[in-house]
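Participant: give me a model of this one.
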Amino acid sequence: MKIHQFIDQNLAHFSYAILSRGEIALVDPGRNPQPYYDFANEHNAQISAIIETHPHADFISGHLELSATTGAPIYISKLVGAEFPHQTFDEGDAILLGEITLKAINTPGHSPDSICIIAIDQNGKYEAVFTGDTLFAGDCGRPDLRETAGAITASRIEMAKQMYYSLHGKLMNLPDDTALYPAHGSGSLCGKALSSKTSSTIGEEKRSNWSLQDLNEENFVAELLKDQAYIPKYFPFDVALNKKGAPDYAFSISNVRKRSPVKCQGCVDSLNPEILIIDTRPQHMFKKSHLKNAINLMNNLKFETWLGSIVNPGQKFYLLAENDSALSELIERIAKIGYENQIELAFVSTYGNAEMPLFDSSKLKENAEAFTIVDIRSNQEAGQKKFFQNAINIPLPELLERVNEIPDHKPILVHCAGGYRSAAGSSIIKSKINCPDGIFDLSEAINQFQS
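Facilitator: Numbering: from 1, shown residues only. Purely as a prediction, here's the structure:
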């Protein structure tokens, strides 16, 4: 048996190919099917099974396209209520793959319909477990994403209790040397304290993972529910789309490109002012010159997560990039969260009719009270440490909807923890508020105020 891990760094997503005797089972594949085809061709093997541990919230799976192309059946829990052709895969069910057996166990907690997959060799040895979003290296899955999404909904308290028994009553019973392969690593919003490790073992997690320690149910639930991160706007949308099955990846991307010019220097005058402009250029370029009402969401590691946190499902937007290659890459990344059909127009442009002056941080040191300071970090971050006592805390994902809470009788200054979010936040406020004294981004100068 050979196990290959595919890593999407931008989404902190791990998917897997399990190879045995010329047959491949894919576990939690991403939307772009090409890496899986390449792996199969490289090993002269056939994709014969596609397994989904649950309908994912943070990315779009390519299971439907992979199945249509290869003929491989999709295996998923009956509890999902999947709307595509599939074979149910629940506790007691098994798949024969070459010389190995893949066995399902139901592990609700992250979602009511989560399963894990145990790989058992021809001698009956438990070699590996693919845990989806149930158990990660360093943490377990968050229990609060299915209160309003999916075929089965449940409260976060109920899900946390189920997680306790999935971990302590099932996964902890596996042999310590069982390799553990999760669907996510550090940077994912599907857990709150994920390790930078991409894999582990059951024994290692028993020693180091807080969720597998000797806690009673009440204490476990309290700890799991504490300080969970925000839920991006796109998460429920992706659950629904994965339950239905997404259209083909390349086809969707080509449709965006067909309706989008490569250059758009002259078309900016015809843009609909009611539609958001997502300007992905570096902030120094944006601040020097940008289109009026544009939002500066830079092309960075977590671009698609922040896009899906700011922009609502179904909401149209213009996509602007600094060059052709960046534009092409961003369209592909946007498709991985299922937002490609919301791109009204994608184009390259350096034209701008607005600017944002750079901020002189010495003015803040002289008199912080002279500014309306907006802290766009999360509630948890702001609660743990305040940089400025008079700051108004509005997390970036809520800013578009709450911008009217910001007074404009003084200059407005926006900060986060490092500069990426404040570039987006200051541009959002500038697109919605006409402040006579100016709107500024503290950017990386926030480091001067860290004690």
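Participant: rest of the way, CA atoms for contacts and neighbours
Facilitator: OK.
Participant: just give me the residue closest to the centre of the protein.
Facilitator: Centroid check for the chain by Cα atoms, centre = their mean gives residue 58 as the closest residue, at 4.1 Å.
Participant: which ones are touching that residue?
Facilitator: Residue 58 makes contact with 11, 189, 190, 234, 235, 238, 305, 337 under the criterion Cα atoms under 8 Å, 6 or more residues apart in numbering.
Participant: hang on, it in a strand?
Facilitator: No: applying DSSP: H, G, I helix; E, B strand; the rest coil, one finds residue 58 to be coil, outside a strand.
Participant: who touches the host helix or strand of residue 253?
Facilitator: Using DSSP states H and E, residue 253 falls within helix 249-258. With contact meaning Cα under 8 Å, 6+ apart, helix 249-258 is reached by 31-33, 62, 65, 331-332, 335, 340-341, 343, 345-346.
Participant: of the contacts of residue 58, which is the most crowded?
Facilitator: residue 190 (29 neighbours; other Cα atoms under 10 Å).
Participant: what sits against that residue?
Facilitator: Neighbouring residues of residue 190 by Cα under 8 Å, 6+ apart: 58, 133, 141, 142, 184.
Participant: can you redo those residues as TSV with secondary structure, distance to residue 89 and pLDDT?
Facilitator: Output for those, formatted as TSV (DSSP: H, G, I helix; E, B strand; the rest coil; distance: Cα to Cα, whole Å; pLDDT from 0 to 100):
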residue	secondary structure	distance to residue 89	pLDDT
58	coil	22	97
133	coil	17	98
141	coil	20	97
142	coil	23	96
184	strand	21	97
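Participant: the closest residue in space to residue 233 that isn't next to it in sequence: how many residues sit nearby?
Facilitator: Distance criterion Cα to Cα, 6 or more residues apart in numbering; nearest residue to residue 233, sequence neighbours excluded, is residue 309 at 5.0 Å. Using other Cα under 10 Å, residue 309 is surrounded by 19 other residues.
Participant: change the start of the numbering to 402 and stick with it
Facilitator: Sure, I'll start counting at 402 from here, so that last one is residue 710.
Participant: hang on, residue 710 in a helix?
Facilitator: Yes: residue state for residue 710 (three-state DSSP) corresponds to a helix.
Participant: residue 630 is in contact with that one, correct?
Facilitator: No: in this structure residue 710 lies outside contact range of residue 630 using Cα atoms under 8 Å: 11.9 Å.
Participant: which residues does residue 444 contact?
Facilitator: By Cα under 8 Å, 6+ apart, residue 444 lies in contact with residue 423.
Participant: and it, what's its pLDDT?
Facilitator: On pLDDT, residue 444 comes in at 98.
Participant: tell me how far it lies from residue 425.
Facilitator: Per Cα to Cα, to the nearest Å, residue 444 is found 10 Å from residue 425.
Participant: so residue 427 belongs to a helix, correct?
Facilitator: No: assignment of residue 427 by three-state DSSP gives strand, placing it outside any helix.
Participant: for it, give the beta-bridge partners.
Facilitator: Bridge pairing for residue 427 (DSSP bridges) gives the partners residue 418, residue 451.
Participant: so who does it touch?
Facilitator: Counting by Cα under 8 Å, 6+ apart, residue 427 touches 416, 417, 418, 419, 448, 450, 451, 452.
Participant: pick the one among those residues closest to residue 496.
Facilitator: Of all the contacts of residue 427, residue 450 has the smallest distance to residue 496: 8.5 Å, by Cα to Cα.
Participant: count of neighbours near the nearest residue to that closest one once chain neighbours are set aside?
Facilitator: Leaving aside its sequence neighbours, residue 450 sits nearest to residue 426 (Cα to Cα, 6+ apart; 4.5 Å). Around residue 426 there are 23 other residues, counting by other Cα under 10 Å.
Participant: now do residue 850
Facilitator: Neighbour count of residue 850, defined by other Cα under 10 Å: 11.
Participant: quick check, it in contact with residue 788.
Facilitator: Yes: applying Cα under 8 Å as the test, residue 850 and residue 788 come out as touching, 6.7 Å apart.
Participant: on that earlier part again, residue 621: which of the contacts of residue 459 is nearest?
Facilitator: residue 591 (17.3 Å).
Participant: tell me the spacing between that closest one and residue 412.
Facilitator: The gap separating residue 591 from residue 412 is 10 Å, by Cα to Cα.
Participant: got it, and residue 633?
Facilitator: Residue 633 is 13 Å from residue 412, by Cα to Cα.
Participant: now do the shared contacts for the two.
Facilitator: Residues touching both residue 633 and residue 412 (Cα under 8 Å, 6+ apart): residue 706.
Participant: what kind of secondary structure is the residue nearest to residue 457 when sequence neighbours are not counted in?
Facilitator: Sequence neighbours aside, residue 640 is the residue nearest to residue 457 in space, at 5.5 Å (criterion: Cα to Cα, 6+ apart). Here residue 640 is recorded as helix under three-state DSSP.
Participant: got a pLDDT number for residue 640?
Facilitator: If you check residue 640, the pLDDT there is 97.
Participant: wait, doesn't it sit right on residue 550?
Facilitator: Yes: Residue 640 is within contact range of residue 550, at 6.7 Å (criterion: Cα under 8 Å).
Participant: looking at these two, which is more packed in?
Facilitator: Comparing residue 640 with residue 550 by other Cα under 10 Å, the one with more neighbours is residue 640, at 24 against 17.
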